[in-house]
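>>> Need coordinates for the following:
(2 chains)
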2 protein chains.
Amino acid sequence: MIEKIEQRLRELIPARDETIFEAARYSLLSKGKRLRPLLTLATAAAFGVDPLTALDPACALEMIHAYSLIHDDLPCMDNDDLRRGQPTLHKVYGEAMALLAGDYLLTFAFEVIANANLGREQRLQIVKTVAMRCGAPGMIGGQVMDIEQTGKEIEEETLMLMHEGKTAALFTACLECGSLVAGYPPTPLLQTIGREFGLAYQFQNDLQDVSATAGKKAGGDAANHKQTAVTLFGVDGVKERVRSIKKSIDEKFMGLPNQGGPLAALMQQILT
Amino acid sequence: MIEKIEQRLRELIPARDETIFEAARYSLLSKGKRLRPLLTLATAAAFGVDPLTALDPACALEMIHAYSLIHDDLPCMDNDDLRRGQPTLHKVYGEAMALLAGDYLLTFAFEVIANANLGREQRLQIVKTVAMRCGAPGMIGGQVMDIEQTGKEIEEETLMLMHEGKTAALFTACLECGSLVAGYPPTPLLQTIGREFGLAYQFQNDLQDVSATAGKKAGGDAANHKQTAVTLFGVDGVKERVRSIKKSIDEKFMGLPNQGGPLAALMQQILT
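Numbers count the residues shown, from 1 in each chain, chains lettered A, B, ... in the order given. Next comes the predicted model:
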């Protein structure tokens, strides 16, 4: 399934030698795990339709993920030099081009959704869902909290809200879009699975950041004076929370068709 | 009509004391001429529907204009300190917040369109039109050319293409959206009017930049080592081109319903 995603992403962004497309391809087509599109397809499959029906919205969600990483890496944000083991976009193409490539990927994502081979109402619901989850109540809101918290003591409630915005909102959008493609309005149960999965995923990332791997500069968060789940709960506390969330998600899968089918399998795989 | 636009913009962006909304309101609700929403409404009226039918797409286009100014003013782009006579957003809220406020306004614009009180097909066509005109083939493409040309000798053809992207594409989107709201797919004639108007408007701006007014730092383009129509054609050459474009647009109005009605009147007013 991941090959279909890679192929479609390559098709959607023109391979022309204009800098904006080169820059977008540099970030979008770099080695990524494609978790967001995979979760979108898996949700569509869990709800009983051919997962490839959701391919274009899934690719749009990956574009939005790529845009958020590009802008997040900029000097005025996290000022990261490396991403997925290679220099960040602004290190290669300059800040201005990185800013514009992010803007382009965000804008183009909505064009891809509006052009998808789906019913009109489905496409509109997907535009609304994605815009809302990636906007001020979601991803951007989480980024704002992150900026405002940097260098300060953070409370547990704030940390959770921040991760819900920064990380979980886009995962939730993936599940919602998969559900919409299959013809089902997203349920609160599905949305809760998205939120909890996002938190568990972020906690695992924080654990990894401490032991430093994943092609990122070691201890990036610490270097940025950011508090994470680990600084707040300790390594064991975070591990315990991940276990607890996993259990909660596993119980919720029971409420989905086929006990979550491929979505449950994928989430369990990602979280181990 | 402009009061309706101001009122709707204030309604759409929540007046909550979260920084992201404050920042968005700082830029969006600052004293602007609202040319893009006014042109959108005037086009809808020219095609025979109540202009207020187009109010939400018109406001979305103003949000996109605001986002483009915010990102354009950032230090990595034009590095402008003043906009519409007041400090630019990043001077007041910092670069990170300005980046995010721009991202938010762009994202939210699509949500506003998808939620507008219009037919499904109309909303989808408007999403597609706006995304395309504001994307790599349009506004962002123009910005990229601008960056790549800064400090270099510019050829006439490149300058025109750059202005078509940076300035004319969004004006064209306004006309297209007004037409779509009225139930008419945009014609090449209407698109040409948008493009020509955008060029004439940009030329007039370049003339103003030379004589320095409009709340911007005097001679901003020159300070940024940017070539403009004035450096290429001279003041008289640019004035001659504006006259010629105006004449061309006036002839094209004859091909619109009611000879362009309120749209013709508004464009003539803006260009004098």
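>>> Low-confidence ranges, chain A, go.
Flagging of chain A using pLDDT under 70 yields the residue ranges A:212-225.
>>> What ranges does it have for its helices?
Assigned by DSSP state H, chain A shows helices spanning A:2-12, A:19-28, A:35-46, A:55-73, A:89-93, A:95-115, A:120-133, A:139-149, A:156-163, A:169-181, A:188-211, A:220-223, A:229-253, A:261-270.
>>> Turn those helices into a markdown table, including mean neighbour count and distance to chain B.
Where you see a C-beta, it was placed from the backbone N, CA and C, and this is true even at glycine. Formatted as a markdown table, the helices of chain A follow (neighbours: other C-beta atoms under 10 Å in any protein chain shown; distance: least, C-beta to the nearest C-beta, whole Å):
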| stretch | mean neighbour count | distance to chain B |
| --- | --- | --- |
| helix A:2-12 | 15 | 12 |
| helix A:19-28 | 22 | 5 |
| helix A:35-46 | 27 | 16 |
| helix A:55-73 | 26 | 6 |
| helix A:89-93 | 20 | 8 |
| helix A:95-115 | 26 | 4 |
| helix A:120-133 | 22 | 4 |
| helix A:139-149 | 22 | 5 |
| helix A:156-163 | 17 | 12 |
| helix A:169-181 | 28 | 12 |
| helix A:188-211 | 20 | 17 |
| helix A:220-223 | 16 | 16 |
| helix A:229-253 | 16 | 21 |
| helix A:261-270 | 18 | 26 |
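>>> Dump those to CSV, plus distance to residue B:83.
As requested, those are arranged in CSV below (distance: least, C-beta to C-beta, whole Å):
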stretch, distance to residue B:83
helix A:2-12, 34
helix A:19-28, 24
helix A:35-46, 35
helix A:55-73, 21
helix A:89-93, 24
helix A:95-115, 17
helix A:120-133, 26
helix A:139-149, 21
helix A:156-163, 30
helix A:169-181, 30
helix A:188-211, 36
helix A:220-223, 33
helix A:229-253, 39
helix A:261-270, 44
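>>> Residue B:17: which of the ones you listed is closest?
Among the helices of chain A, helix A:139-149 comes nearest to residue B:17, with 12.5 Å by C-beta to C-beta.
>>> now what about the closest one, what contacts it?
For helix A:139-149, the external contacting residues (C-beta atoms under 8 Å, 6 or more residues apart in numbering or on different chains) are A:68, A:72, A:77, A:133-136, A:158, A:161-167, A:169-170, A:226-227, B:18-20, B:94, B:96-97, B:100, B:103-104, B:107.
>>> swap the cut-off to 7 Å and go again
With contacts defined as C-beta atoms under 7 Å, 6 or more residues apart in numbering or on different chains, helix A:139-149 is touched by A:68, A:133-134, A:158, A:161-166, A:169-170, B:19-20, B:96-97, B:100, B:103-104, B:107.
>>> Now residue A:107: closest residue in space, sequence neighbours ignored.
Spatially, and ignoring its direct neighbours in sequence, residue A:107 is nearest to residue B:135 (4.6 Å; C-beta to C-beta, 6 or more residues apart in numbering or on different chains).
>>> and residue A:184, backbone torsions?
phi -110, psi 130 (degrees, to the nearest 10).
>>> Just confirm it contacts residue A:47, I think it does.
Yes - applying C-beta atoms under 7 Å as the test, residue A:184 and residue A:47 come out as touching, 5.5 Å apart.
>>> Name the residue in these two with the higher neighbour count.
Taking neighbours as other C-beta atoms under 10 Å in any protein chain shown, residue A:184 and residue A:47 compare with residue A:47 leading, 23 against 17.
>>> Contact partners for that one?
Residue A:47 makes contacts with A:178-179, A:182, A:184, A:257, as judged by C-beta under 7 Å, 6+ apart.
>>> Kindly report the same for residue A:116.
Residue A:116 neighbours (C-beta under 7 Å, 6+ apart): A:56-57, A:123.
>>> How about residue A:103?
B:71, B:106, B:140 are the contacts of residue A:103 under C-beta under 7 Å, 6+ apart.
>>> Without its sequence neighbours, what residue ends up closest to the second one?
This points to residue B:106. Distances taken as C-beta to C-beta, 6+ apart place residue B:67 nearest to residue B:106, at 4.5 Å, with adjacent residues excluded.
>>> go on, residue A:264?
In space, residue A:264 comes closest to residue A:253 once its chain neighbours are excluded; the distance is 4.3 Å by C-beta to C-beta, 6+ apart.
>>> pretty sure that neighbour is touching residue A:259, no?
Yes - in this structure residue A:253 lies within contact range of residue A:259 using C-beta under 7 Å: 5.1 Å.
>>> Mutual contacts of those two, please.
Joint contacts of residue A:253 and residue A:259 (C-beta under 7 Å, 6+ apart) do not exist.
>>> so what's the residue in the stretch 151-272 of chain A positioned nearest to chain B closest to, chain neighbours aside?
Residue nearest to chain B within the stretch 151-272 of chain A: residue A:165 (10.6 Å; C-beta to the nearest C-beta). Spatially, and ignoring its direct neighbours in sequence, residue A:165 is nearest to residue A:142 (2.2 Å; C-beta to C-beta, 6+ apart).
>>> now residue A:45
Here the nearest residue to residue A:45 in space, its sequence neighbours aside, is residue A:51; by C-beta to C-beta, 6+ apart that works out to 4.2 Å.
>>> Next: residue A:260.
Take residue A:260 and drop its neighbours on the chain: the residue closest to it by C-beta to C-beta, 6+ apart is residue A:253, 3.5 Å away.
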